[in-house]
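Enquirer: Build the 3D model from these lines:
(one chain, ligands or ions: 1)
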Amino acid sequence: MSDTETETKAEAEVYDASMQVKELRESFASGKTRSYKWRVSQLESLLKFSVVHEEDICDALRSDLSKPVMEAIIHEIALLKNSCKLAIKELRHWMTPEKVKTSITTFPSSAAIVPEPLGVVLIISAWNYPFLLSLDPVVGAIAAGNAVVLKPSEISPATSSLMAKLLGKYLDPSAVKVIEGATSETSALLEQKWDKIFYTGSGRVGRIVMAAAAKHLTPVVLELGGKSPVVVDSQINLQVACRRIISGKWGCNNGQACIAPDYIITTKEFAPKLVETLKQELERFYGKNPMETKDLSRIVNANHFARLSKLLDDDKVSGKIVHGGERDKTKLQITPTLLLDVPRDSLIMTEEIFGPLLPILTVDKVEDSFEVVNSGTKPLAAYLFTNNKRLKDQFVACISAGGVAINDTTLHLTVSTLPFGGVGDSGMGSYHGKFSFDAFSHKKAVLYRSFAGDAPMRYPPYTKGKLRI
Ligand code: NAD
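Expert: Prediction:
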């Protein structure tokens, strides 16, 4: 394409994006998305979509990621259904203004915090859980009464096109739109004025999103990633700990999950036992030849396969693989891989791994792990395995992370009463359950006064006598 053709295409995309937003603004201005009835009917339809099309969704996830059906159902479809059901059940309550106390200065009066929809919002999602990460924020946006554009990831094209093709049959197309596309389409969308942008993905693109939002003073939620550590003490049930680490790593999209364990820290003394048990349990789960298992997702594409290969080919980790490490470029698969005692300045320890490789660092005392974790950027999740109460308390107090799970991995994400989101480099803002409703609402402060209690001291002339009152 010539430069002029590229510019014309970009202008057409911006024009198209602005027309789509215009239509959504008109729908929002009509007031229809504000009603309880509209919100509930949309949430019920979204629930119906995920029930009726369960098989299609699983097929799309298989096509995009070879995602095992069990993972597709439990980690994506069931979680979305739960979000819809909770929002439908709680919506009246969430929408009800919260009465709050007033102060003597306003006596007599009453006050309330009234949640109101923000307007027209943009949701940009990632490819690794392409169904859940696209539609879970949509649940919050609809529950809060907004009009929505969803821009799913082009890296998971089957799930993206399934949503683009079918959602219009279930959701009000004048208020909820799916717009597919990659960088140029997303850039055109980002030029528009939104009332909120909810972005899930890498920190690199998160910075682009935030810069674009700043031009319009648009608030953002950034759901990013990071290196989530697992600290393993020796006072544990070793087999259960290893099973839970494996389940959170390879059992979550083969490590391509934002809260998957990124690396382990344990003591030098305990490391051999830990490695041995991890190996045993990996073999129990995925067999002697994990390259052939159907229970692992594949690496999403050749670029990510090359990125992960680079982490393994780094000279600094040469000879550090203690398990796995087999690669098949045609299958886009790398077997579950453990690396022991990798240097902290190796690529695998300085980049988010987002794949089936798990390095293990060793320290003299388990408490030394705190310094290792805190020397990096703040992770999205941090995990600790121990029976030691003092260590648990120290970990919760000293480790800054989006979320923490003690004696498990990833499951805190399923607790809808907990906010899900990052801190520092792992993101800002949160969602899930009521937090999703809040993420897409403005909390309007409302004071109600009558004409009684009109204290003269607030009015001029400002005499000294009035100050003494
Ligand atoms: P990504 O940032 O490459 O892409 C995310 C979205 O941004 C996609 O929709 C993509 O089309 C769009 N995009 C890509 N480049 C763009 C550009 N230059 N301008 C505008 N838009 C652009 O992220 P990814 O590779 O899809 O996801 C992996 C990252 O996301 C990891 O860091 C992971 O930890 C993180 N993640 C976080 C969560 C969470 O909930 N916190 C969930 C999943 C993934």
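Enquirer: Smallest gap between the protein and the ligand, at which residue?
Expert: Gly225 (1.9 Å; Cβ to the nearest ligand atom). No exception for glycine: its C-beta is placed from N, CA and C like everyone else's.
Enquirer: Now do the contacts for that residue.
Expert: 202-203, 258, 352, 354, 380, 426 (Cβ atoms under 8 Å, 6 or more residues apart in numbering).
Enquirer: same thing with Lys193?
Expert: 21, 216, 218.
Enquirer: Of these, grab the buried ones for ChimeraX.
Expert: Of the contacts of Lys193, the buried ones can be selected in ChimeraX as follows, counting by 16 or more other Cβ atoms under 10 Å:
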select :21,218
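Enquirer: could I get the contacts of Lys193 as CSV with secondary structure, pLDDT and distance to Asp172?
Expert: Formatted as CSV, the contacts of Lys193 follow (DSSP: H, G, I helix; E, B strand; the rest coil; pLDDT from 0 to 100; distance: Cβ to Cβ, whole Å):
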residue, secondary structure, pLDDT, distance to Asp172
Val21, helix, 95, 16
His216, coil, 98, 25
Thr218, coil, 98, 23
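Enquirer: Need the residues that contact the worst-scoring helix or strand of the chain on mean pLDDT.
Expert: Across the helices and strands of the chain, the lowest-confidence element by mean pLDDT, DSSP states H and E is helix 464-468, at a mean of 80. Contacts to helix 464-468, defined as Cβ under 8 Å, 6+ apart, come from residues 456-457.
Enquirer: sorry, back to before: for the contacts of Gly225, which entry has the maximal number of neighbours?
Expert: Most neighbours among the contacts of Gly225, by other Cβ atoms under 10 Å: Cys258, with 31 neighbours.
Enquirer: Local confidence estimate at that one?
Expert: Here the pLDDT value assigned to Cys258 is 98.
Enquirer: So Cys242 versus Phe354, what's the distance?
Expert: Remark: distance between Cys242 and Phe354 (Cβ to Cβ, to the nearest Å) = 21 Å.
Enquirer: meant to ask about Leu380, not that
Expert: From Leu380 across to Phe354, the span is 11 Å (Cβ to Cβ).
Enquirer: where in the stretch 351-469 of the chain is pLDDT low?
Expert: For the stretch 351-469 of the chain, the stretches flagged by pLDDT under 70 are 469.
Enquirer: Near the ligand, which residues of it? Just list them.
Expert: Within reach of the ligand by Cβ under 6 Å from any ligand atom, the stretch 351-469 of the chain has these residues: 352, 354, 380, 422, 427.
Enquirer: Show me what the last one bridges to in the sheet.
Expert: Meaning Gly427. Counting by DSSP bridges, Gly427 is bridged to Glu223.
Enquirer: how many other residues sit next to it?
Expert: Other residues near Gly427 number 26, with proximity taken as other Cβ under 10 Å.
Enquirer: Tell me if I'm right that it and Leu224 touch.
Expert: Yes: with contact defined as Cβ atoms under 8 Å, Gly427 reaches Leu224; the gap is 4.1 Å.
Enquirer: Overlap in contacts, the two.
Expert: 206, 380.
Enquirer: Name all residues that make contact with the residue nearest to the spatial centre of the chain.
Expert: The centroid of the chain falls nearest to Glu223 when counting by Cα atoms, centre = their mean (4.6 Å). Applying Cβ under 8 Å, 6+ apart, we find Glu223 in contact with 133, 198-201, 258, 420-422, 427, 429, 431.
Enquirer: For the residues you listed, which single residue is the most surrounded?
Expert: Within the contacts of Glu223, Cys258 tops the neighbour count with 31 neighbours, counted by other Cβ under 10 Å.
Enquirer: Now it: closest residue in space that isn't a chain neighbour?
Expert: Distances taken as Cβ to Cβ, 6 or more residues apart in numbering place Gly225 nearest to Cys258, at 4.6 Å, with adjacent residues excluded.
Enquirer: The one you found in helix, strand or coil?
Expert: Under DSSP: H, G, I helix; E, B strand; the rest coil, the three-state class of Gly225 is coil.
Enquirer: Residue numbers of this structure in contact with the ligand?
Expert: 124-128, 133, 151, 153-155, 182-183, 186-187, 200-202, 205, 208, 223-225, 258, 352, 354, 380, 422, 427.
Enquirer: what do you get if the cut-off is 5 Å, keeping everything else the same?
Expert: 124, 126-127, 153, 183, 186, 200-202, 205, 208, 223, 225, 258 (Cβ under 5 Å from any ligand atom).
Enquirer: Among those, name the ones in helices.
Expert: 183, 186, 205, 208 (DSSP state H).
Enquirer: PyMOL command for the buried members of those?
Expert: Typed into PyMOL, the line below selects the buried ones among those, using 16+ other Cβ under 10 Å:
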select buried, resi 186+205+208
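Enquirer: From the ones in helices among the residues of the chain next to the ligand, pick the one nearest Tyr263.
Expert: Val205 (23.4 Å; Cβ to Cβ).
Enquirer: now the closest one: how far from Ile197?
Expert: 12 Å.
Enquirer: Can you list the low-confidence ranges for the protein?
Expert: Low-confidence segments of the chain, defined by pLDDT under 70: 1, 469.
Enquirer: Kindly recompute the last result at 90.
Expert: Filtered on pLDDT under 90, the chain yields the residue ranges 1-16, 453, 455-457, 464-469.
Enquirer: I'd assumed Pro359 was in a strand, is it?
Expert: Yes: according to three-state DSSP, Pro359 belongs to a strand.
Enquirer: Ramachandran angles for Leu132?
Expert: phi -70, psi -50 (degrees, to the nearest 10).
Enquirer: 10 is where my numbering starts, stick with that
Expert: Let's use 10 as the start, then, which means that last one is Leu141.
Enquirer: is it true that it touches Asn91?
Expert: No: look at Leu141 against Asn91 with Cβ under 8 Å: they stay out of range, at 10.5 Å.
Enquirer: Which one's more surrounded, these two?
Expert: Higher neighbour count among Leu141 and Asn91: Leu141, with 24 against 17, using other Cβ under 10 Å.
Enquirer: tell me the contacts of the more buried one?
Expert: Shown in contact with Leu141 (Cβ under 8 Å, 6+ apart): 84-86, 88-89.
Enquirer: how about 6 Å then?
Expert: Contacts for Leu141 were tallied using Cβ atoms under 6 Å, 6 or more residues apart in numbering; they are 85, 88-89.
Enquirer: Inside helices: which ones of the residues you listed?
Expert: Per DSSP H, the subset of these in helices is 88-89.
Enquirer: Lys31 - that's part of a strand, no?
Expert: No: secondary structure of Lys31 (three-state DSSP): helix, not part of a strand.
Enquirer: Now do the contacts for it.
Expert: No contacts exist for Lys31 under Cβ under 6 Å, 6+ apart.
Enquirer: Could you do the one 3 residues further on as well?
Expert: Applying Cβ under 6 Å, 6+ apart, one finds that Arg34 lies in contact with Val129.
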